[in-house]
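Visitor: Below: sequence and its predicted model.
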Amino acid sequence: MFKLSRLLIVYAIAAPLALILGYLVSSPGKLTFEAIGVLLFFFALPIFFKWHHVLLVVLWNSAFNVSFLPGSPDAWLPLAALSFAISFLNHIMFQKQFLRAPELTVPILFLAAVVLGTAWCRGGIGIRSLGGATYGGRNYVYVLGAIIGYFAFTAEPIPILKRWKMANLYFLSGATYGLGNLAYTLGPAFYFLYYFVPTSGAIYQAAGDSGSTNITRIGGLAPACTAAFCFLLAHYGIRGLLDWTKPWRFVFLFVTVGASFFSGFRGTIVLLFLIFAFQFYFEGLMRTHYLPIVVGLAIWGMAPILIFSNSMPGSVQRAISFLPVNVDSEVLVNARASSEWRFQMWALVWKEIPKYLILGKGYGIDPADMVLLYDAGRTGAISSAEGSMLAGDYHNGPLSVIMPFGIFGVIAFLWVLIGGYRILSWNRRFGDARLRRINSLILSFYLTHCISFFFIFGAFNSDLYVFLGICGLSVSLNGGVRRRAAPKPKPIPVPQTLAMEPG
């Protein structure tokens, strides 16, 4: 009976979809990329029902987007909503419980209340691509999507036999950010890849090839190399990477770090250094022979860069321009202009903080303001920094929280970060010993991004999913939150006289 019912359900879904697809194919102009995407989604529903949690973990850090949806959202966003919906249905129908992590659940719900309350007070969530009257709703969607994604992560534990593989794939999937640069390098025949990955990584490369700048930066290498770097640390650990009986491991590490310099991002170099330093400490290598080895390798690797810095490609020179080295004057001007532009914007934003201290300005942007800004920019009446201010792109982590959500947003976000640290720290210290290296890397990754958010570069709307994703992965990997075991009660001593009494 069950098999017959399942077959009828399959026919009930597949037959109408086949008819619709046949109609679209036979009607000129009706078959669009969006229509094909929607149809393929319905055909793939059985896969999503079975593998939604696996797909969420694997694709969370990937570069893929869903171009047939309005706004071409990142793949993790609709997948998070779908995975949470399926998990919630399983919870209702089959009583499958979500993993408990109250230290993070409460602050996340408070943060969601602050975001929704601010949106309600500032005119709602307007999504222009869906016909809304205002711009900026995309940022609300990404913030709320990150929160939903966290709960989708914690809907079920990752099976014991798949923990290592899933953790490795979680980090390695970020290497797909290099596909955008690869497609640009290979030429128009591979531009179809831009249906699935963003073009942002290839913008700097195109600018260099067009002659608008002499610095050709391969932007996609920044997240791609970071992903490969974390994968190597997760899979082998620092001890394994420095195992001289298997030298190819160190070669992979050296190539990964070296390739990151060609992205031209100074923050990427600092990011890799901090992740390695934290992981080195958590693996307990500070008082071992590995310390002088690592210091020696660092000096050996940096010496050629410091000596021949002004002879290296412009992207490499830009990446190391924060060091006391001799770089080309044009590269130095480019790097300083970027920093000065940020300082100029921060000075303007700082004056606006008291205005939005209690009730943040939210993410909503009036289209009329966008038109006026565009016209003023063309005439040179305002600077590009003021344009970024209006769009909420502050290039500064703390400002990206306090301006849209005020002091309550700051309190909520700090509460989330503290709760996340407590969970990751407990899982590293008290979790399964077989996962200690993975848990150490997760904590290293988390702490590094906290430092980067506050002191290097941060954006609340695009970074929240990084923080909540890594916390959700830890909870799912460890089957919840691993706390210190309660001490066993000491037995109550029995008096000798009572113990010797008969009966």
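Guide: Everything's here; your move. Predicted model only: the values in this text are computed from it and were never measured. Numbers count the residues shown, from 1 in each chain.

Visitor: low-scoring pLDDT stretches of the stretch 51-200 of the chain, where are they?
Guide: For the stretch 51-200 of the chain, the stretches flagged by pLDDT under 70 are 126-135.

Visitor: And for the stretch 201-350 of the chain?
Guide: Applying pLDDT under 70 to the stretch 201-350 of the chain flags no residue at all.

Visitor: Report the mean confidence score over stretch 406-424.
Guide: Confidence for stretch 406-424, expressed as mean pLDDT, is 96.

Visitor: Can you give the contact residues for that stretch?
Guide: Identification of contacts with stretch 406-424 by C-beta atoms under 8 Å, 6 or more residues apart in numbering yields 101, 103-104, 106-108, 110-111, 114-115, 118, 356-360, 398, 401-402, 405, 439, 442-443, 446-447, 450, 460, 467-468, 470-471, 474-475, 481. C-beta here means a position set from N, CA and C on the backbone, and glycine is covered the same way.

Visitor: In helices only, show me those.
Guide: 103-104, 106-108, 110-111, 114-115, 118, 398, 401-402, 405, 439, 442-443, 446-447, 450, 460, 467-468, 470-471, 474-475 (DSSP state H).

Visitor: Shouldn't Y140 be within a helix?
Guide: Yes - assessed by DSSP: H, G, I helix; E, B strand; the rest coil, Y140 belongs to a helix.

Visitor: what's the neighbour count on it?
Guide: Residues lying near Y140 (other C-beta atoms under 10 Å) number 22.

Visitor: R100 versus that one, what's the distance?
Guide: Per C-beta to C-beta, to the nearest Å, Y140 is found 28 Å from R100.

Visitor: I353 too?
Guide: Using C-beta to C-beta, we find I353 at a distance of 37 Å from R100.

Visitor: and the two? which has more neighbours close in?
Guide: Legend: neighbour count by other C-beta under 10 Å for I353 and R100, higher for I353 (14 against 11).

Visitor: re the thing from before, would you mind checking the ones in helices among the contacts of stretch 406-424 for buried ones?
Guide: 103-104, 107-108, 110-111, 114-115, 118, 398, 401-402, 405, 439, 442-443, 446-447, 450, 460, 467-468, 470-471, 474-475 (16 or more other C-beta atoms under 10 Å).

Visitor: roughly how far apart are W244 and A298?
Guide: According to C-beta to C-beta, W244 stands 17 Å off from A298.

Visitor: Compare the two and say which is more crowded by neighbours.
Guide: Set W244 next to A298 and count neighbours by other C-beta under 10 Å: A298 wins out with 12 against 8.

Visitor: so how many other residues sit close to M286?
Guide: 10.

Visitor: Over to H52?
Guide: When counting by other C-beta under 10 Å, one arrives at 23 neighbours for H52.

Visitor: P70 too?
Guide: P70 has 13 neighbouring residues, counting by other C-beta under 10 Å.

Visitor: One more: G201?
Guide: When neighbours are defined as other C-beta under 10 Å, G201 has 26 of them.

Visitor: right, and it touches Y177 too?
Guide: Yes - judged on C-beta atoms under 8 Å, G201 makes contact with Y177 at a distance of 5.8 Å.

Visitor: between these two, what contacts are shared?
Guide: 63, 220, 223.

Visitor: which one of those has the most neighbours?
Guide: The most crowded member of the shared contacts of G201 and Y177, judged by other C-beta under 10 Å, is G220 (29 neighbours).

Visitor: name the element the closest residue to it other than its chain neighbours belongs to?
Guide: What sits nearest to G220 in space, not counting adjacent residues and going by C-beta to C-beta, 6 or more residues apart in numbering, is G201, at 3.0 Å. Counting by DSSP states H and E, the element that carries G201 is helix 200-210.

Visitor: Could you pull out the buried residues of the next helix or strand after that helix?
Guide: With elements assigned by DSSP H and E, the helix or strand that comes after helix 200-210 is helix 221-241. Across helix 221-241, burial judged by 16+ other C-beta under 10 Å covers 221-238, 241.

Visitor: go on, stretch 174-185?
Guide: Across stretch 174-185, burial judged by 16+ other C-beta under 10 Å covers 174-184.

Visitor: got the contact list for it?
Guide: Residues outside stretch 174-185 that contact it (C-beta under 8 Å, 6+ apart): 61-64, 190-191, 193-194, 196-202, 205-206, 218-224, 226-228, 230-231.

Visitor: Centre of the chain to that stretch, how far?
Guide: 17 Å (C-alpha atoms, centre = their mean, to the nearest Å).

Visitor: First-to-last residue distance for it?
Guide: Using C-alpha to C-alpha, to the nearest Å, one end of stretch 174-185 lies 19 Å from the other.

Visitor: Next: stretch 275-289.
Guide: 20 Å.

Visitor: What residues of it count as buried?
Guide: By 16+ other C-beta under 10 Å, the buried positions in stretch 275-289 come out as 275-276, 278-280, 282-283, 285.

Visitor: again, but for stretch 74-86
Guide: 74-77, 79-84, 86.

Visitor: Nearest to L348 among those residues?
Guide: Comparing the buried residues of stretch 74-86 against L348 with C-beta to C-beta places D74 closest, at 29.8 Å.

Visitor: excluding its backbone neighbours, what's nearest that closest one?
Guide: Counting by C-beta to C-beta, 6+ apart, N65 is the residue found nearest to D74 once chain neighbours are left out, at 5.3 Å.

Visitor: All the strands of this structure, residue numbers only.
Guide: Along the chain, no segments are classed as strands by DSSP state E.

Visitor: Domain ranges for it, per the record?
Guide: 15-76+83-93, 102-156+338-481, 175-327 (automatic domain parsing).
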